[in-house]
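1. predicted model and sequence follow; I will ask about them next.
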Amino acid sequence: MLNVVILGAGPAAVVCALGVQRLGYNVTVVSEARRFSAVEGVSQRVLESLQHAGLRNVLDTVEQACVRSVLWNGEYNEQNHEYLLDRPRFDQALRQQLQDAGVPLLTQRVLRVHSTQHGHQIQLGSGQVVTADFLIEARGRQAPGSGKKMRGPETLSLLNRWQGPPQPVKTALHSHHDGWSWMAQLADGRCYWQLTLDVASAQLPSKERLLKYCQQRRQASIFAQEFFQQYEAQNIDLHVRSSSSTLCNESCGSNWLRIGDAAMAVDPLSGNGIFQALSSALQAPAVLYTLLEKPQQAALAKEFHQQRIEHLFLRFARLGRDFYTLEKQWLHEPFWLARQQWPDQRSTHHEADFSQLQLAHRPVIENGEIVSREVVISPDQPLGMWHHSGIALAPMLRQLREQGLRDLLGKYSVIEQGYINSWLTNQGYFANK
Ligand SMILES: Cc1cc2nc3c(=O)[nH]c(=O)nc-3n(C[C@H](O)[C@H](O)[C@H](O)COP(=O)(O)OP(=O)(O)OC[C@H]3O[C@@H](n4cnc5c(N)ncnc54)[C@H](O)[C@@H]3O)c2cc1C
């Protein structure tokens, strides 16, 4: 039986490992433990993806939804909520999920990977060498590059962590002339403050003075002082992370795949890192199956994986740009100037326009493999819309154009007519009628 090895044990690796195991392949995960402790905020949509991927135990580690206060462009609001993930607990639950499913996990550092078209040799920190027929690279931002296709402005995040008194869970986001800060407080009193800056223009002191610098920045911020209730933090941990947006050159070959942050890493401002990691991991088993079992469809499988990674990357990059653009106080500061223009000036969302819909063949997942099917494409959905509530859209659109709405609807049940009407409304069909 073919032997699949997955490098990394973050959300992308674990979700993918469970999917590959369900296909009946031998799968082994190799990962060292994460080297720092962080909390991250996620949306309801991420919790739904975790549920969809069958990671119920992992969901138990998520904190209750809390209010996120935002001070951006000098305006204060408390409109959004987010769920906090305590990454060490979350990562431990991911590993437990592997163990429960019987997927072997080698807790080792990967030193080197030697790949040929016949397979892979993975050299571990212990000196052991593991071989794989198929390799999935999911070591996050630490994954050695396949070359970068796109890279956003160089960005780094300084994370401070300390223990304060127990408090209700809360988070906040705050813009500064040279970046932004995100802060969180957990019920047990753990406090997190993360300052994100532009590498080129931030005038950072030497490594030894970085902690002092962070303290001074926090003390100078009334917003941060109020958030942490003037608590004098002691024994602060400092961790520096690169947080530039990166899209790898190639995310799929005939016997390998890149998923999660190893394929594309988004700006943490978007809060979509874990969401994108799960998206690429959920599609990976179908791509792998097609590459291994249906070599005649290999080109289609590669196109499917690559296009979806690039599409999501650009979507989140433009969403990030739009959010940076809402900040107008420091238009000429290097941090804002660079991020308000990257990746381009194309709009994130196109107005629905029924006349722009076209029929085309695109790769889709059908019965666990990648096949080419006729779909409906629009400027907003260039990868295609295939089904809506079980209704195949391409034949439906063709019938609509040939026969008109009345005859079309007559062929469907009342419930299906409702689905068709709502889809057509979303595509702008009724807008000019
Ligand atoms: C500053 C910052 C803040 C962020 N905040 C958020 C947020 O609030 N919300 C959100 O959704 N996302 C956030 N993210 C993004 C999020 O952390 C990632 O998108 C997500 O964890 C990616 O999952 P992954 O499985 O691809 O990789 P990771 O979760 O990074 O997992 C990679 C795994 O590989 C292992 N590994 C790495 N190198 C080796 C090696 N050589 N040998 C063996 N193992 C190795 C690591 O230990 C780790 O277990 C943030 C990112 C940054 C940089």
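-> Cool, the structure landed.
2. CA only for contacts and neighbour counts going forward, please
-> Fine.
3. for the most centrally placed residue in the chain, what are its contacts?
-> What sits nearest the mean C-alpha location of the chain, by Cα atoms, centre = their mean, is Gln276, with 2.2 Å. Taking Cα atoms under 8 Å, 6 or more residues apart in numbering as the criterion, Gln276 is in contact with 260, 312.
4. could you find the closest non-adjacent residue to Ala93?
-> In space, and not counting its chain neighbours, Ala93 is closest to Val58: 5.1 Å by Cα to Cα, 6 or more residues apart in numbering.
5. I'd like the distance between the one you found and Gln185.
-> In this view, Val58 and Gln185 are 20 Å apart by Cα to Cα, to the nearest Å.
6. when those two are compared, which one has more neighbours?
-> Gln185 (26 against 22; other Cα atoms under 10 Å).
7. picking up where we left off before, show me the contacts for the residue nearest to Ala93.
-> 50, 90, 93-94, 97.
8. mind doing that once more with 7 Å?
-> 90, 93-94 (Cα atoms under 7 Å, 6 or more residues apart in numbering).
9. that one sits in which helix or strand?
-> helix 56-59 (DSSP states H and E).
10. show me which residues of that helix are buried.
-> 58-59 (16 or more other Cα atoms under 10 Å).
11. that helix close to the ligand?
-> No - judged by Cα under 6 Å from any ligand atom, helix 56-59 makes no contact with the ligand; its nearest approach is 13.5 Å.
12. start the count at 59, not 1, going forward
-> Shifting the count to begin at 59 puts that one at helix 114-117.
13. can you give me the offset of that helix from its chain's centre?
-> 18 Å (Cα atoms, centre = their mean, to the nearest Å).
14. the strand or helix carrying Gln334 vs the ligand: in contact?
-> If you go by DSSP H and E, Gln334 is part of helix 331-351. Yes - counting by Cα under 6 Å from any ligand atom, contacts between helix 331-351 and the ligand involve 331-333, 335.
15. highest neighbour count among those?
-> Ala335 leads the residues of helix 331-351 next to the ligand on contacts (other Cα under 10 Å) with 28 neighbours.
16. near the nearest residue to it once chain neighbours are set aside, how many other residues are there?
-> Nearest in space to Ala335, with sequence neighbours left out and distances taken as Cα to Cα, 6+ apart, is Gly318 at 3.8 Å. Gly318 is flanked by 28 other residues according to other Cα under 10 Å.
17. residues touching Gly318, list them.
-> Gly318 touches 70, 196, 198, 334-336, 338-339, counting by Cα under 7 Å, 6+ apart.
18. can I get those residues in CSV with distance to Phe393?
-> Output for the contacts of Gly318, formatted as CSV (distance: Cα to Cα, whole Å):
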residue, distance to Phe393
Ala70, 30
Ala196, 30
Gly198, 25
Gln334, 25
Ala335, 26
Leu336, 29
Ser338, 30
Ala339, 32
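19. ok, so of these, who is nearest Asp465?
-> Ser338 (39.8 Å; Cα to Cα).
20. can I assume that closest one is in contact with Ile317?
-> Yes - Ser338 lies in contact with Ile317 (Cα atoms under 7 Å); the separation is 5.5 Å.
21. and the two? which has more neighbours close in?
-> When Ser338 and Ile317 are compared for neighbours, Ile317 comes out ahead with 30 against 25, by other Cα under 10 Å.
22. what pLDDT does the more buried one get?
-> Among the per-residue scores, Ile317 holds a pLDDT of 98.
23. quick one, what contacts it?
-> Ile317 neighbours (Cα under 7 Å, 6+ apart): 70, 195-196, 335, 338-339.
24. show me which residues of this structure sit near the ligand.
-> Residues of the chain lying near the ligand (Cα under 6 Å from any ligand atom): 66-71, 89-92, 98-100, 166-169, 196-201, 215, 299-301, 318-320, 326, 329-333, 335.
25. how close does the residue nearest to the centre of the chain sit to Gln109?
-> Counting by Cα to Cα - Gln334 and Gln109 are separated by 15 Å.
26. can you check Glu385 too?
-> 35 Å.
27. any stretches of this protein with poor pLDDT?
-> 490-491 (pLDDT under 70).
28. what ranges does it have for its helices?
-> 69-80, 102-110, 114-117, 145-158, 268-277, 280-285, 331-351, 356-383, 392-397, 451-461, 463-468, 472-484 (DSSP state H).
29. got the buried residues for the first one?
-> Along helix 69-80, these residues count as buried under the neighbour rule (16+ other Cα under 10 Å): 69-79.
30. what does the fourth one give?
-> Within helix 145-158, the residues that qualify as buried by neighbour count (16+ other Cα under 10 Å) are 145-156.
31. ok, now the fifth one?
-> Burial within helix 268-277, assessed by neighbour count using 16+ other Cα under 10 Å, is assigned to 269, 272, 276.
32. just the C-alphas of it, formatted as CSV.
-> Listed next in CSV are the C-alpha coordinates belonging to helix 268-277 (Å, rounded to 0.1, in the frame of the first residue of the first chain):
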residue,chain,number,x,y,z
LEU,A,268,13.2,44.7,22.3
LEU,A,269,11.2,43.7,25.4
LYS,A,270,11.8,47.2,26.9
TYR,A,271,10.7,48.7,23.6
CYS,A,272,7.4,46.7,23.7
GLN,A,273,6.8,47.9,27.3
GLN,A,274,7.3,51.5,26.3
ARG,A,275,5.0,51.2,23.3
ARG,A,276,2.3,49.6,25.6
GLN,A,277,2.7,52.3,28.2
